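**Q** Build me a model from this:
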Amino acid sequence: MNVIIANKYQSMLQSLNIDVIKSLNGEFEVEEIISTFQNFYYQRMILDITAIKNYKDIKTLQKLSIALDMDKIILVLDDDPESTSPDYLSKLISLGIYNFTRNIEGIMYLYHNPNSYRDVAHIHQIEDLKTEEKSPTVVNAPLHGGVRIIGIKNVTKQSGATTLTYLMKKQLQKNYSVIAIEVEKRDFAYFKEKDMFSVPASEVGNMIAKHSDFDVILIDTNNNVSAETLCHDIIYLIEPSVIKLNHLTAIDGKILDQLKNKKVVLNQSMLSSKDVLDFEYESRLKIFFNMPPLNEREKDIHILNVFLTKLGFDRQKSPETEKKNKLLGLFNI
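**A** The predicted structure is shown next:
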């Protein structure tokens, strides 16, 4: 079932030949849309961009992209020159918003054939964005004061938590003071990074306290409950292969129910956007992100930037953070 939020293009959207579970008409604050649909199950949302107040400010759309799964949303653009300009469209793509159109035919095409980055890469003005930002891609996040502690946990066996923790650390440390902690294992030793620590569970609290002036601490929890209680956020990794899922449910038939309303990431995933929708329907889970296999040698991984943006890391460099990173010797120039 689908959701339609309409304003200027209400009459056009009423003609869509799709099943609709909920429909809203009017102009809404982006926070209203988020609060209404953040925990609401739907197959697709057809969103008239004019239904979002202050939609021409790209920061408004950024809030939407962080809170909702943009793979499920088809954005109906206004015919206003400013909001259909190459610059505006490029900024949408940088937020992970790939499904946008201006007509009924485009809506129905995207409904059955969702875009990936590859489909819109030709209109993504990467050089212009670099000139404008004058900084690497993912940078300062609203940390709400103090260190932000993010746990990464394998749900299916060997789902890539260690490598994902390493890649997140490498990407974030371009503009953050960040360390990574591994609990009860020593796999970090193979990365040969000085800011990645392997510690017993009893030492995790001390390690956090020692680095409390940092911006971000990433913890590869290795399913250690005491370490998980110290995290502000936990990312739950599922590798969506048939054998791993069947093995998981055979061990614990209720595990998927326990993951409802969690940040579930399909990691090392080869699923298409349509496959993810089917997975959500079958599992009754809301997937936070669909992460394909990553190239560890790539210096700036676009899809990882999109993921970090969705976690709340924006693209505005903080002078205070830059100064701190330089003092700590962690800022790569």
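**Q** Could you tell me how far F100 is located from D213?
**A** 41 Å (Cβ to Cβ, to the nearest Å). From N, CA and C alone the C-beta is placed, and that goes for glycine too.
**Q** pLDDT weak spots in this structure?
**A** Applying pLDDT under 70 to the chain flags residues 125-146, 243-253, 314-333.
**Q** Domain parsing of it, as residue ranges.
**A** 2-133, 148-328 (automatic domain parsing).
**Q** possible to save those as TSV with mean neighbour count?
**A** What follows is these, written out as TSV (neighbours: other Cβ atoms under 10 Å):
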stretch	mean neighbour count
domain 2-133	17
domain 148-328	17
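**Q** Show me where the stretch 51-200 of the chain has its helices.
**A** Residue ranges of the helices in the stretch 51-200 of the chain, as given by DSSP state H, counting those that start in this stretch, are 58-67, 86-94, 104-112, 117-120, 126-133, 161-172.
**Q** Make TSV out of those helices and add distance to S226.
**A** Shown next, in TSV, are the helices of the stretch 51-200 of the chain (distance: least, Cβ to Cβ, whole Å):
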stretch	distance to S226
helix 58-67	29
helix 86-94	38
helix 104-112	45
helix 117-120	38
helix 126-133	39
helix 161-172	17
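**Q** Nearest to A180, out of the ones you listed?
**A** helix 161-172 (4.5 Å; Cβ to Cβ).
**Q** Run through the neighbouring helices and strands of the closest one.
**A** Here helix 161-172 is seen to pack against strand 148-154, strand 178-183, strand 216-220, strand 233-238, helix 302-310 when contacts are counted using 3 or more Cβ pairs under 8 Å, 6 or more residues apart in numbering; DSSP states H and E.
**Q** and if we set it to 6 Å?
**A** Applying 3 or more Cβ pairs under 6 Å, 6 or more residues apart in numbering; DSSP states H and E, we find helix 161-172 packed against strand 148-154, strand 178-183, strand 216-220.
**Q** To V3, which of the helices of the stretch 51-200 of the chain lies closest?
**A** helix 104-112 (12.4 Å).
**Q** Need the contact partners of that closest one.
**A** For helix 104-112, the external contacting residues (Cβ atoms under 6 Å, 6 or more residues apart in numbering) are M12, R44, I74, N99, T101.
**Q** Closest one to P293 out of those residues, please.
**A** Relative to P293, the closest of the contacts of helix 104-112 is N99; by Cβ to Cβ it sits at 22.7 Å.
**Q** who touches the closest one in this structure?
**A** I74, L110, P114, N115.
**Q** Also L266?
**A** With Cβ under 6 Å, 6+ apart, L266 has these contacts: I238, P240, I287, N290.
**Q** The first one bridge partners, please.
**A** Assessed by DSSP bridges, I238 has beta-bridge partners L266.
**Q** Please look at it and K157 and confirm they touch.
**A** No - contact criterion Cβ atoms under 6 Å: I238 and K157 do not qualify, at 10.5 Å.
**Q** can you give me the strands in the protein?
**A** For the chain, the strands defined by DSSP state E occupy 2-6, 20-25, 44-48, 73-76, 100-101, 148-154, 178-183, 196-199, 216-220, 233-238, 263-266, 287-290.
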